[in-house]
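Participant: 3D model of this:
(one chain, ligands or ions: 2)
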Amino acid sequence: MQESCQFEKSRENGEILQFLRKVFHVLFQNETFCQKKTLRKIPRLIFQKNFYLCAMQTREIFQKDLELIREKAPLIHNITNFVVMNNTANALLAIGASPVMAHAIEEVADMVKIASALVINMGTLEHDWVQSMIVAGKAANAKGIPVVFDPVGVGATPYRSQAAAEILQHVKPTIIRANASEIMSLARVNVQTKGVDSTNSADDAITSAKILAKETGAIVVVSGAVDVITDGENVKRVLNGHPLMGRVTGMGCTATAILAAFAAVEKNAFDAAYFGMTAMGIAGEIAGLTAKGNGTMQLYFLDALCNLSENAATFFRN
Ligand SMILES: Nc1ncnc2c1ncn2[C@@H]1O[C@H](COP(=O)(O)OP(=O)(O)OP(=O)(O)O)[C@@H](O)[C@H]1O
Ligand SMILES: Cc1ncsc1CCO
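Facilitator: Numbers count the residues shown, from 1 in each chain. Ligands and ions are numbered 1, 2, ... in the order given. The predicted structure is shown next:
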């Protein structure tokens, strides 16, 4: 996808592209328009840039990956925090993957061997867990299975920053997902993380995200009202979502797990990251339509993830 859509490289181009996609989408669905061959009047240049094709291809690949997750039910090994264990396991089940939570140092390497992706989440950190994360991460790297790293709360305390640095010293993540303050802190920009919540927008963190992506070789995802995805050069944004998502604890950790589900079936890590955040955004948007507050948001979000295939085409608008 990246190669065929080179025109999306800059933000301005991305915005023009999104506008044209919407126009073309409406036009191409109109039979009279197609029959009158008005198409011919559209400047050749636009077609040479493959605008419409890119949008169609992207959505189709997204839907195909979604079906692949349901078909293969990849085992996702999570070393994650106590706050979100139940909810992320349910989110993985809802999207069609198979979750397992395992952090004992005695078994993590064996669990990785049968898994299709590994999540390393620093939410409730302890010394022994960091060692397990490193052992599991190394085993995943050796086996060539994707690792998704969530440095929850990095920058809030020196211990978390030191633990994140230690993990990155030994483990090569495929994708790093965090909120803006965490990404800025991980890239050593002088910012104070407020516990596990962000005090910055994803766009504030773009430079840091690019630096981090280049340093680690990972795809970096900055979540927020608008999600930003970068490989250090290219940048894509996910516009789907709902403000109530930010009010439910562990939505970010859930995003990390969903990214792992996509990475398990999609070899292109940039696409996996983009599709994972798109799935989150669409499910959040659908849930937000009927949620009455934080509680129902959490429930409806799982239902929306579960029924994502039917609604994905309507809500896909990135
Ligand atoms: N205001 C918002 N509007 C739309 N979507 C949002 C908003 N805030 C968060 N989200 C979505 O919620 C999910 C979690 O992102 P967020 O940045 O809140 O993670 P986080 O701070 O790491 O969360 P946590 O620490 O609770 O796990 C993402 O999918 C993001 O797109
Ligand atoms: C609230 C909280 N504290 C540690 S992990 C976690 C879940 C959201 O990151």
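Participant: What residues does this structure have near ligand 1?
Facilitator: Residues of the chain found near ligand 1, taking Cβ under 6 Å from any ligand atom as the criterion, are 152, 179, 196-198, 223-225, 227, 241-243, 245-246, 249-253, 255, 277, 280-281, 284. C-betas here are computed from N, CA, C, even on glycine.
Participant: What subset of those is buried?
Facilitator: 152, 179, 196, 198, 223-224, 227, 241-242, 245-246, 249-253, 255, 277, 280-281, 284 (16 or more other Cβ atoms under 10 Å).
Participant: excluding its backbone neighbours, what's nearest the closest residue to ligand 2 within the chain?
Facilitator: Per Cβ to the nearest ligand atom, residue 123 is where the chain lies closest to ligand 2, at 3.0 Å. Nearest residue to residue 123, sequence neighbours excluded (Cβ to Cβ, 6 or more residues apart in numbering): residue 81, at 2.6 Å.
Participant: tally of neighbours for that neighbour?
Facilitator: 22 (other Cβ atoms under 10 Å).
Participant: My guess is it contacts residue 120. True?
Facilitator: No: the pair residue 81 / residue 120 is not scored as a contact, 10.9 Å apart, by Cβ atoms under 8 Å.
Participant: In which helix or strand does residue 88 reside?
Facilitator: Using DSSP states H and E, residue 88 sits within helix 85-95.
Participant: Downstream of the helix or strand where residue 228 lies, the next helix or strand is which one?
Facilitator: Here residue 228 sits within strand 227-230, counting by DSSP H and E. Sequence order places strand 235-238 as the next helix or strand after strand 227-230, per DSSP H and E.
Participant: mind listing the strands for the protein?
Facilitator: Assigned by DSSP state E, the strands in the chain fall at 75-79, 98-101, 117-121, 147-150, 175-179, 219-223, 227-230, 235-238.
Participant: who does the fifth one touch, helix- and strand-wise?
Facilitator: Read that as strand 175-179. strand 147-150, helix 180-186, helix 206-216, strand 219-223, helix 251-265, helix 269-290 (3 or more Cβ pairs under 8 Å, 6 or more residues apart in numbering; DSSP states H and E).
Participant: With distance to residue 140 and mean pLDDT as extra columns, can I get the ones you listed in CSV?
Facilitator: Below are those laid out as CSV (distance: least, Cβ to Cβ, whole Å; pLDDT from 0 to 100):
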stretch, distance to residue 140, mean pLDDT
strand 147-150, 5, 98
helix 180-186, 20, 95
helix 206-216, 15, 96
strand 219-223, 16, 98
helix 251-265, 11, 98
helix 269-290, 14, 97
